[in-house]
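Novice: Only the shape, not the letters, is given here:
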C-alpha cells in the first residue's frame, strides 16, 4: 500500500493550482506561470506546512512533465547533485517538454559546496531543465541562486487570513467526512486556530486524533502536552523521562518546538536563569537547520535545559 493511500497529507494533496488553498493574488500568479509553460526557475519561501511543496508538485503535474524530487534535508549532499540531478537534467524528456527538478527544503543544502554547484547546473541545463526550490529560511539560500530564480513568498496578509482559514476549515470537514470520522466543530476550529497556517501539521494532528476515536474538545485536552510534567522532569534532571518525552514533544510541535519551549518554559525559570534558557533554546533552534536527527537535537536541548534553575 502506497503512502498516498493512507497519509491524509498525501491522499488529499491538491493536484492542480486551482485546488490549492492560497490567496487569489498568489493563485493567479501561479496560474499565469503554468499557462505560460516557459517560466524561470522558482523559489517558494514561507513558513512550514503552508503549501510550498504542494504547489511545486501541482505545477509539474498540471504541466504533465518529467520531474524528480530531492529533499535537501535528507539528500542534499554534493554527490546527489552530481549524480542524480545531473543524470536527470542532461537527458531529453520523452514527452518533448522541459524537465523539472523540485528541490524541497533547499535551505538545508550546503551553502559552501552544494548551492554554488547548483548555480552552475541551472546555467548549464537551463534549456532542458527547470528548477523549483522550496525553503523555510530564505536567508540560507545564497545570493547567486536568488538572482537565477523568481521568488514567490507564501505569506498571508491579515485581511486574507479569515477567508483562507474558512476555506481550510471546509477542506478539513470534507476530509473528516470522507474518512467517516466523527468530530466536534468546536474542536476542529480550535485545532485550526492553534496551528494555522501550518496546514500539514493540522492534517497530521487530525489524523492522529482520529485513530483513538471521535475528535472532541475532551480528546484535545487529553492529547495536550503536560508542561507541568516536563518542568518536573527538568528540575529532577530525569534524563530517562526527558528522553521518553522528546518524541511526543516533537510529534506535537514539529520544528516550532523551540518557539513553544521559549513561550512555555520561561515562566517556570528562576529569574537569573532566564538568559541562559534563552541562549540554550536559541542555539538548538539554529542547529535544527543542519542536523540529521531533529529528535536527537531536541533531546540535547532538553538535556542542557536541565542545568538551569527552575521555580
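Specialist: Sure thing, it's come through. Bear in mind the structure is a predicted one, so any value in this text is a computation, not a measurement.
Novice: In a helix, residue 290, correct?
Specialist: No. Checked against DSSP: H, G, I helix; E, B strand; the rest coil, residue 290 lies outside a helix; its state is coil.
Novice: Was I right to think it contacts residue 107?
Specialist: No. In this structure, residue 290 is not within contact of residue 107 by CB atoms under 8 Å, at 10.0 Å. Bear in mind the C-beta positions are built from the backbone N, C-alpha and C, glycine included.
Novice: Among those two, which residue is more densely surrounded?
Specialist: Using other CB atoms under 10 Å, the more surrounded residue of residue 290 and residue 107 is residue 107, with 23 against 12.
Novice: what sits against that one?
Specialist: 72, 135, 136, 137, 138, 140, 141, 289 (CB atoms under 8 Å, 6 or more residues apart in numbering).
Novice: how about the third one, what does it touch?
Specialist: Residues near residue 136 by CB under 8 Å, 6+ apart: 45, 46, 47, 48, 105, 107, 255.
Novice: Once you drop chain neighbours, what's closest to residue 291?
Specialist: residue 297 (4.4 Å; CB to CB, 6 or more residues apart in numbering).
Novice: and that neighbour, what does it touch?
Specialist: 284, 287, 288, 291.
Novice: Secondary structure element holding it?
Specialist: Using DSSP states H and E, residue 297 maps to helix 294-305.
Novice: what about burial for the contacts of residue 297, which qualify?
Specialist: residue 284 (16 or more other CB atoms under 10 Å).
Novice: Just give me the residue closest to the centre of this structure.
Specialist: residue 48 (3.3 Å; CA atoms, centre = their mean).
Novice: and it, helix, strand or coil?
Specialist: Residue 48 ends up coil, using three-state DSSP.
Novice: roughly how far apart are it and residue 309?
Specialist: The spacing between residue 48 and residue 309, counted by CB to CB, to the nearest Å, is 33 Å.
Novice: Let me see the confidence value for residue 226.
Specialist: Listed pLDDT for residue 226 reads 57.
Novice: Equivalent analysis for residue 221, please.
Specialist: 53.
Novice: tell me which residues in stretch 26-46 are buried?
Specialist: 26-27, 30-31, 33-34, 39, 41-46.
Novice: Can you give me the neighbour number for residue 192?
Specialist: By other CB under 10 Å, neighbour count at residue 192 equals 20.
Novice: Sorry, wrong one. I was asking about residue 124.
Specialist: 13.
Novice: just the one 4 residues further on next, same as before
Specialist: Burial of residue 128 is recorded as 15 neighbouring residues (other CB under 10 Å).
Novice: I'd like the distance between it and residue 66.
Specialist: Here the criterion is CB to CB. By it, residue 128 lies 10 Å from residue 66.
Novice: and for those two, which residues touch both?
Specialist: Residues within reach of residue 128 and of residue 66 at once, by CB under 8 Å, 6+ apart, are 93, 99.
Novice: Output the below-cut-off pLDDT ranges for the protein.
Specialist: 1-5, 75-76, 218-228, 248, 251-256 (pLDDT under 70).
Novice: Please pull up the helix or strand immediately following the top helix by length along it.
Specialist: If you go by DSSP state H, the chain has its longest helix at helix 161-178. Per DSSP H and E, the first helix or strand lying C-terminal to helix 161-178 is helix 185-195.
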